[in-house]
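*Asks:* please work out how this folds:
(one chain, ligands or ions: 2)
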Amino acid sequence: MIEKIETFLVDVPTIRPHKLSVATMNTQTLVLVRVLCADGIVGWGEATTIGGLNYGEESPESIKTNIDTYIAPLLSGMDASQPAKAMAKVRKAIQGNRFAKCALETALLDAQARRLQVPLSELLGGRVRDALPVAWTLASGDTSKDIAEAENMLDLRRHRIFKLKIGLRPVDDDVAHVLAIKRALGERASVRVDVNQAWSEMDAVRGIARLEAGGIDLVEQPVKADNRAALARLKQRFDVAIMADEALHGPNDAMALARIDGADVYAVKITQSGGLLPALEVATVARLAGIGLYGGTMLEGGIGTAATAQVCSTFPELAWDTELFGPLLLTQEVLREPLVYRDFMLQVPTGPGLGVEIDDDKLHAMQRH
Ligand SMILES: O=C(O)C[C@H]1C=CC(=O)O1
Ligand SMILES: [Mn+2]
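*Replies:* Ligands and ions are numbered 1, 2, ... in the order given. This next block holds a predicted model:
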């Protein structure tokens, strides 16, 4: 039986300012959910978002309030060994709130997988890979700092895929910044950009032509999320891969974009999809439509990152790798043992459930009171 659902806000400074076109992050607010079951099993989930309300329409505080006030009471007393039934009730009664739903589904599945003593991936069809290549985002805002950071990551054998955050400066300045980094790294790295919706279609045509000519491998969400037609036109026009990120809020968006041949790649995010099972549906639509997959992040801490890793481990094809580096951008950790990054890859945890353990003392010390 589901006995109790608790939520925690945890403010964690980032290792350096992380500059996106929509926000500069100096801290990340983790939203964590704990589900206590009557049989003593505990499950964890995460509903972390980016930049308060700058990036999405759910803020950390609204997610916590909506779970505490409206969603948790629906679940209390339900059978904890039937996560799908519990989530069906939530999805029927609650509009929107994808991040909150994701955290609850993660926690319920974590608990059930622990109960069955299997890794969470095994409740999702089973894993086909044990390690996931991980991109790093260069977003210091300074070209030479970004190059030094990339060189360091290559030396450490931690990352050889780099995503550059652009869209804040004039197109010409951004292109010059990206191409300087690509020239410095050459064939040693895959260089990609994320515009976070900042460009008009005209800007995008101009910018992407030059990025493509300069050897950039992928352009993520160049135009507004709701302008699917423009994304599709850019995909038709250019050879360089066009990735949908903010345009994807779950399976229906995945289907609508696939119908218009709107993107080459989907960034699969468990929170934006509204849960782990909807994220699998996004991935299935992509697979059937011949669209490549990329494991995306909302810069979550260890819990959300482990949950996404469990999901991505089940993908037969993962052509564009992942960006599951969230915990590495944060100065503090709520896990007892950090996730393992080795040889450019995140090792998918092998223990029961999410395969991570929360340090209650650390959490208590770090949580917002
Ligand atoms: O992709 C996004 O838009 C959000 C996020 C993921 C990595 C990163 O640096 O920012
Ligand atoms: Mn993105």
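*Asks:* the nearest residue to residue 334 once chain neighbours are set aside: neighbouring residues, count only.
*Replies:* Excluding its sequence neighbours, the residue lying closest to residue 334 (CB to CB, 6 or more residues apart in numbering) is residue 363, at 5.1 Å. No exception for glycine: its C-beta is placed from N, CA and C like everyone else's. A count of neighbours around residue 363, defined by other CB atoms under 10 Å, yields 17.
*Asks:* list phi and psi for residue 363.
*Replies:* With angles defined as degrees, to the nearest 10, residue 363 sits at phi -60, psi -40.
*Asks:* which pLDDT value goes with it?
*Replies:* Looking at residue 363, its pLDDT stands at 97.
*Asks:* and what of residue 369?
*Replies:* Here, the pLDDT recorded for residue 369 equals 89.
*Asks:* chain neighbours aside, what residue packs nearest to the residue of the stretch 101-250 of the chain found nearest ligand 1?
*Replies:* Nearest residue of the stretch 101-250 of the chain to ligand 1, counting by CB to the nearest ligand atom: residue 137, 3.3 Å away. Closest residue to residue 137 apart from its sequence neighbours, by CB to CB, 6+ apart: residue 163 at 4.7 Å.
*Asks:* test my guess that the residue of the stretch 101-250 of the chain closest to ligand 1 contacts residue 325.
*Replies:* Yes: applying CB atoms under 8 Å as the test, residue 137 and residue 325 come out as touching, 7.2 Å apart.
*Asks:* could you say what helices and strands the lengthiest helix in the chain packs with?
*Replies:* Taking DSSP state H as the criterion, the chain has its longest helix at helix 98-116. Applying 3 or more CB pairs under 8 Å, 6 or more residues apart in numbering; DSSP states H and E, one finds that helix 98-116 makes contact with strand 2-19, strand 24-37, strand 42-46, helix 60-66, helix 83-93, helix 270-273, helix 276-289, helix 302-312.
*Asks:* I'd like the next helix or strand past it.
*Replies:* Note on helix 98-116: by DSSP states H and E, the next helix or strand toward the C-terminus is strand 131-133.
*Asks:* residue nearest the centroid of the protein?
*Replies:* residue 297 (1.5 Å; CA atoms, centre = their mean).
*Asks:* how about that one, secondary structure?
*Replies:* coil (DSSP: H, G, I helix; E, B strand; the rest coil).
*Asks:* please apply the same query to residue 356.
*Replies:* coil.
*Asks:* ok, residue 350 next?
*Replies:* Assignment for residue 350 (three-state DSSP): coil.
*Asks:* what's the neighbour count on it?
*Replies:* Neighbourhood size, residue 350 [other CB under 10 Å]: 10.
*Asks:* what pLDDT does it get?
*Replies:* 98.
*Asks:* that one: what's it in contact with?
*Replies:* 119, 130 (CB atoms under 8 Å, 6 or more residues apart in numbering).
*Asks:* make a markdown table out of the helices and strands packed on helix 98-116 and add mean neighbour count and mean pLDDT.
*Replies:* Shown next, in a markdown table, are the helices and strands packed on helix 98-116 (neighbours: other CB atoms under 10 Å; pLDDT from 0 to 100):
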| stretch | mean neighbour count | mean pLDDT |
| --- | --- | --- |
| strand 2-19 | 17 | 97 |
| strand 24-37 | 22 | 98 |
| strand 42-46 | 27 | 98 |
| helix 60-66 | 19 | 98 |
| helix 83-93 | 16 | 98 |
| helix 270-273 | 29 | 98 |
| helix 276-289 | 21 | 98 |
| helix 302-312 | 29 | 99 |
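*Asks:* nearest to ligand 1, out of the ones you listed?
*Replies:* Using CB to the nearest ligand atom, the nearest of those to ligand 1 is strand 2-19, at 6.4 Å.
*Asks:* is that closest one in proximity to ligand 2?
*Replies:* No: judged by CB under 5 Å from the ion, strand 2-19 stays clear of ligand 2, getting no closer than 12.4 Å.
*Asks:* what is that strand packed up against?
*Replies:* Against strand 2-19 (3+ CB pairs under 8 Å, 6+ apart) you get strand 24-37, helix 60-66, helix 72-75, helix 98-116, helix 326-329, helix 360-366.
*Asks:* got JSON lines for those, with distance to ligand 1 too?
*Replies:* JSON lines is the format used below for these (distance: least, CB to the nearest ligand atom, whole Å):
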{"stretch": "strand 24-37", "distance to ligand 1": "9"}
{"stretch": "helix 60-66", "distance to ligand 1": "15"}
{"stretch": "helix 72-75", "distance to ligand 1": "27"}
{"stretch": "helix 98-116", "distance to ligand 1": "13"}
{"stretch": "helix 326-329", "distance to ligand 1": "8"}
{"stretch": "helix 360-366", "distance to ligand 1": "22"}
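*Asks:* could you give the bridge partners of residue 162?
*Replies:* residue 136, residue 191 (DSSP bridges).
*Asks:* that one against residue 191, yeah?
*Replies:* Yes: the criterion here is CB under 8 Å, and residue 162 meets it with residue 191 at 5.4 Å.
*Asks:* now do the shared contacts for these two.
*Replies:* Common neighbours of residue 162 and residue 191 (CB under 8 Å, 6+ apart) are 181, 185.
*Asks:* tell me the SS of residue 223?
*Replies:* Here residue 223 is recorded as coil under three-state DSSP.
*Asks:* quick one, what contacts the residue lying closest to it once chain neighbours are set aside?
*Replies:* Excluding the flanking residues, the one nearest residue 223 by CB to CB, 6+ apart is residue 230, at 4.6 Å. If you count contacts by CB under 8 Å, 6+ apart, residue 230 has them with 201, 204, 223-224.
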